[in-house]
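Novice: Sharing a sequence plus its predicted fold:
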Amino acid sequence: MRDRFEMPSPYHRWITGWEVNDEGTGLVRAKPIIVDVYCVLDAYPTGNPALDHLIKKALCPGGRGHKDRIKDVKEIQWSAGRALDLEQEKPYPMGHPKIQG
């Protein structure tokens with residue numbers, strides 16, 4: 001079934017994670033599930049939309065059909081610069097006690 005299933009978008013991927021074993025004493029491989037890049041971004045919040053954009057592009061450079069790999073890498077580079085700008089504009093960095101996240 002997995003090899004015949006058409007993904008809803010280029011951002012969807014099969015991943016296999018871990019789950020607690022039946023005894024509750026360790027981890028075992030879980031069944032594969034489908035996630036999209038937005039699930040990943042939700043699991044690893046950056047607090048910076050330019051970083052989110054960079055991560056999305058870096059996970060699938062040139063693989064979405066409408067831009068080539070070089071253009072995506074250039075946009076990753078631009079997004080990194082913008083992410084730095086946004087971080088430097090913040091009154092407190094991520095992880096600071098005054099900011100939750």
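Specialist: Alright, I've got the coordinates.

Novice: So, low pLDDT: which residues of this structure?
Specialist: 1-3, 64-66, 93-101 (pLDDT under 70).

Novice: So the residue lying farthest from the centre of the chain: helix, strand or coil?
Specialist: The outermost residue of the chain relative to its centre, with distances by C-alpha atoms, centre = their mean, is E23 at 31.5 Å. Three-state call for E23 (DSSP: H, G, I helix; E, B strand; the rest coil): coil.

Novice: who are the neighbours in contact with it?
Specialist: Taking C-beta atoms under 8 Å, 6 or more residues apart in numbering, we find E23 in contact with no residue. Where C-beta positions appear, they are placed from N, C-alpha and C, glycine not excepted.

Novice: so how far is K90 from it?
Specialist: Distance of E23 to K90, computed by C-beta to C-beta, to the nearest Å: 45 Å.

Novice: how does the protein divide into domains?
Specialist: As assigned by automatic domain parsing, the chain contains the domains 1-37, 45-101.

Novice: Please work out which of these is packed deepest.
Specialist: domain 45-101 (a mean of 14; mean count of other C-beta atoms under 10 Å).
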